[in-house]
Each structure stands twice: as structure tokens, then as C-alpha cells.
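Engineer: mind looking at a prediction? Sequence and model below.
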Amino acid sequence: MSSVLTDLRDRTARPALLQERFENDLTALAAALESALAAKDLSTFYRTFRATRLPFICGEYRDNARLLLPACFDILHRLGGISPAAALAVENHYYVTSAVATFPAATDPPLEASRQRLLHAVVSQRLLVANTNSKVHAAKLGELGTVARPEANGFRINGTAAYTSLATQADLLVLLTEIEGEGFAVFVIPELQSNPAVEIGPYLFPSAMIDSDTRCITFHDLLLPSEALAADSRSAIARQLIPFEMAWHQLLIAALYLGAAARAIDEARLFLRGTTGRDGRPLAELDGMIVDIGRLALAYRSARGAAEKCGEALFLVRELPRDMAQLERAVNLASAAKYHGTQTAEAIVTAARRTVGARAFAGSCALERLSQEVMFGALGPEVGAVIERRYGRQILESASYPHEFLS
Ligand SMILES: Cc1cc2nc3c(=O)[nH]c(=O)nc-3n(C[C@H](O)[C@H](O)[C@H](O)COP(=O)(O)OP(=O)(O)OC[C@H]3O[C@@H](n4cnc5c(N)ncnc54)[C@H](O)[C@@H]3O)c2cc1C
């Protein structure tokens, strides 16, 4: 399927040769994913991925969200149209590396140095990055399953994190946890696959979303040197890293599920153009079908619009704390883009499946996989209730109609 996502990209800013190489790599990657899924073995997909420049565009476009974001958007949109689960695994690498590559930390020199170190390691050693927010499925919402205890020359990490996608492919893990009695902290854990103190456990979702490689991870007395601490709550600038990362995450999540939506529309289009009714006329000429597909295209178009608006806000976060208002706006718009994008994608895939009918599950129709995986969009990172509550509060706590918030 040709890339339909070019609106966010200022094509004049990227040299034509670079652009061509990007498209060639992306086409090869999409083909590798299709054949790896057919063979039920994603190792060839990851080999192809690592061999291209695509995982490391965070280095090429560092400090340039205007180029990095559309590139990540295109990659995830294309992969999301093949397998939302595999795209989700890769999305975790993209949002973390992109946030690191574009976070404006210059006013906090130690944080800036640690950002540059991490970026340099990822690009020069060609590392894939997984991450976990340490959340667990406990009786109380929001509980963390891990903790870091300060020691003489570093930290000791213990506990379990329920969610880590890309778990068996990543080289490096970014761990968000709490330093006991202090507050949040971000640690970088190298050599993820060979670290005896890190147990990469079973699939969290044993059947659904299997290709996201989402697993529980347990830390058994993992000793980390002080340099492994990349950011913590003592720095006012570092405290903004979490919302900044979240804006990238929610926006790129929208990208991959909108890719599923675009593919579903394309499957419906192919079916309607390639099938005739009993009267011998193509179904695509039926007025009802024209209206149905128009409705899906409009839903997709407006969800894309929300994502594009968020992108424009994210580009404006260039210096902190100066651009705090822009960051807050980007975070709110990312919630809206993710909320609307994932909901719309689920509705579009459902409608396209009903249009195509039972043959969506026969043979190798893309709609089967999309149908099974698209529903995960609503489930994270932020769940609908959290986003709705935030928006509701903004409206109701405002003495007058909040024009600026909703513009
Ligand atoms: C496929 C998949 C892969 C993932 N991969 C990763 C990963 O690699 N790394 C990582 O760190 N995380 C990952 N996550 C986790 C993700 O980032 C979120 O933490 C997670 O999706 C939140 O969902 P939860 O069910 O755990 O939320 P919970 O907070 O446990 O919420 C459960 C339910 O409670 C209700 N609820 C929650 N909060 C509120 C509220 N404020 N008001 C009212 N009702 C509420 C909602 O109905 C919600 O669905 C992944 C999640 C999924 C689904």
C-alpha cells in the first residue's frame, strides 16, 4: 500500500535522495513484516529492521521534531496497516528514542549530557530500546511493581513490571520507577537479553497481541551504577520529560492504529471495486456503498487532523522551562489524537469488516489480523476514562468557556 501519510512532512526540507532511501527501506520493511507474519516467525522482520536506517532516524533528525515526527508517523502507519501488534512493539522504541532525541534539556546540563550519551549509544551501537513504566495489575490502580533503593555507588532494583513490549528483541531497557522515599526516576539498563538479574518472563497477553512481544519483567537485586540514572524528580526540567515522552507516545500510538484504519478502508475499496452484485454491477457503484465508504474516509480524515494538530504543537516545544505552555498544549492534543485516533480506527475496522463480510476471515485477508488487534488501541497508554476526566475537568473548573484549551 502506498504511503498516504505525507501531510505532516515538509518534503522540501528533506533531500530527495534521503527521501527515496527512506521510502525504499520502508517498502522493504513492510514486505519483511508481511512474510514474517506468514511464516509465524518475526526474527526476519527484526533482522531487516536493524539492517535499515529506520530504527536510528532519531540520530539523523535529532533536535528536529519537524522531520523526525512525520518519519516515525509514516513508518508506524505503514506497519500498523499490516500488524498493529508488531507496530506497537516497534512504536515503543520510536517514542522513547524520539523523545530523547528532541527533549529540550539544554537548561539542565547534567540531564542534557545524559540525553546525549543515551542517544549516542543507541545510534552508534544500533540498539533497540524497550521501556516499562513499572505498572502492575494490582487491586489499586496506578501501583508500581518495582522500586530502586540507593546504595553506596548506585541503586538496587527489585520487583516486577507487568508491561514491556519488544521485550525479547530490545538491547536496552528504559525503566521508569521510584527511588524509595524520593520520587520518580528513569534508569537505563544495558544488555537486556543477557543480564542475569533481569528475568524476561511470559507473555502478558498469552494469545491476543502476541506479536507485540509484551512480557512481564522481574528484577532480582539488579545493581546499577549511579550513571544508569538518566533522570529523576529533583530536576524541574527532568520532571517535564515524562509528559513530553507521553505526548510522543500517544501521538505515535494514534499513527499506528490509523494505519490499521487506512488499510481497512483499502480492503473495503478493493472488495467493492472487485465484486459485482447479482445484477452484474460493481458494488462500488451502489449509492449506499459510496456513502458508507465516504463516511469512513471522513472519520479517518478528521482523526488524522487531530494528530497533525498535535504534531504542530510538539514542534513548538524547543526550550524549557520557556515553552511550558506549549508542552502542556501538546500533551492535551496528544491525548485527543490518541483517544480519537484509536476509537476511530476501531470503528473503521469494524465497518470495513462488515462491508467485506465473512471472507475477511477466509484466506489471508488483512482484516482478520486488524480486527483482532485494533481493539488494543483504546487500552493504553492512557485509558479513555483518564483522558475524558482530564478534558471534563478543564471545562468544568474554568470560570468562563475555555476557548484557548479547545482551540
Ligand atoms: C498491548 C499493550 C502493550 C503495552 N506495552 C507497554 C510497554 O511496553 N511499556 C509500558 O510501560 N507499558 C506498556 N503498556 C501499558 C500501558 O502503557 C498502560 O500502562 C496500560 O495500558 C494502562 O492500562 P491498564 O489497564 O493497566 O490501566 P489501569 O490504570 O489499570 O486501568 C484499568 C481500568 O480502570 C479504569 N480506570 C483507570 N483509571 C481511571 C480513572 N482515572 N477514572 C476512571 N476509571 C479509570 C478504566 O476502565 C481502565 O480501563 C502496554 C499496554 C498494552 C495494552
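Structural biologist: Cool, got the structure.
Engineer: list of residues touching the host helix or strand of residue 158?
Structural biologist: Secondary structure assigned from DSSP states H and E places residue 158 in strand 154-164. With Cβ atoms under 8 Å, 6 or more residues apart in numbering as the test, strand 154-164 has contacts from 130-137, 144-149, 173, 175, 177, 179, 185, 187, 197, 200-201, 204, 214-226, 228-229, 380. Placement of C-beta: from N, CA and C, glycine included.
Engineer: pLDDT of it, averaged?
Structural biologist: Averaging pLDDT along strand 154-164 gives 97.
Engineer: check contacts around whichever residue of the chain sits closest to the ligand.
Structural biologist: Residue nearest to the ligand within the chain (Cβ to the nearest ligand atom): residue 380, separated by 2.2 Å. If you count contacts by Cβ under 8 Å, 6+ apart, residue 380 has them with 163, 253.
Engineer: what about the strand holding residue 158 and the ligand, touching?
Structural biologist: Yes: residues of strand 154-164 are located near the ligand by Cβ under 6 Å from any ligand atom, namely 163, 164.
Engineer: which of the residues in that strand are buried?
Structural biologist: Applying a neighbour-count criterion of 16 or more other Cβ atoms under 10 Å, one finds 154, 155, 156, 157, 158, 159, 160, 161, 162, 163, 164 buried in strand 154-164.
Engineer: need the residues you listed in a markdown table with distance to residue 394, can you?
Structural biologist: Shown next, in a markdown table, are the buried residues of strand 154-164 (distance: Cβ to Cβ, whole Å):
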| residue | distance to residue 394 |
| --- | --- |
| 154 | 41 |
| 155 | 37 |
| 156 | 40 |
| 157 | 36 |
| 158 | 38 |
| 159 | 34 |
| 160 | 35 |
| 161 | 31 |
| 162 | 30 |
| 163 | 28 |
| 164 | 32 |
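Engineer: contact residues of the stretch 201-350 of the chain facing the ligand?
Structural biologist: Residues of the stretch 201-350 of the chain lying near the ligand (Cβ under 6 Å from any ligand atom): 209, 212, 214.
Engineer: out of the contacts of strand 154-164, which sit inside strands?
Structural biologist: With DSSP state E as the criterion, strands contain 130-132, 146-149, 173, 175, 177, 179, 185, 187, 200-201, 215-225, 229 from among the contacts of strand 154-164.
Engineer: contacting residues for the nearest residue to residue 167 once chain neighbours are set aside?
Structural biologist: Spatial nearest neighbour of residue 167, chain neighbours left out: residue 215 (4.0 Å); criterion: Cβ to Cβ, 6 or more residues apart in numbering. For residue 215, the contacting residues are 164, 167, 168, 200, 201, 202, 203, 204, by Cβ under 8 Å, 6+ apart.
Engineer: need the buried ones from those residues selected in ChimeraX.
Structural biologist: Entered in ChimeraX, the line below selects the buried ones among the contacts of residue 215, by 16+ other Cβ under 10 Å:
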select :164,167,200,203,204
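Engineer: quick check: residue 214 touching residue 206?
Structural biologist: No: with contact defined as Cβ atoms under 8 Å, residue 214 and residue 206 do not form a contacting pair (10.4 Å).
Engineer: which of the two has more neighbours?
Structural biologist: Using other Cβ atoms under 10 Å as the criterion, residue 214 and residue 206 rank with residue 214 on top: 25 against 8.
Engineer: what angle sits between the strand or helix carrying residue 254 and strand 172-179?
Structural biologist: Using DSSP H and E, residue 254 maps to helix 241-274. Orientation check (axes from the mean of the first three to the mean of the last three Cα atoms, to 10 degrees): helix 241-274 against strand 172-179 gives 130 degrees.
Engineer: contacts only, for the nearest residue to residue 82 once chain neighbours are set aside.
Structural biologist: Leaving aside its sequence neighbours, residue 82 sits nearest to residue 33 (Cβ to Cβ, 6+ apart; 5.0 Å). Each residue near residue 33 by Cβ under 8 Å, 6+ apart is listed here: 42, 45, 79, 82, 83, 86.
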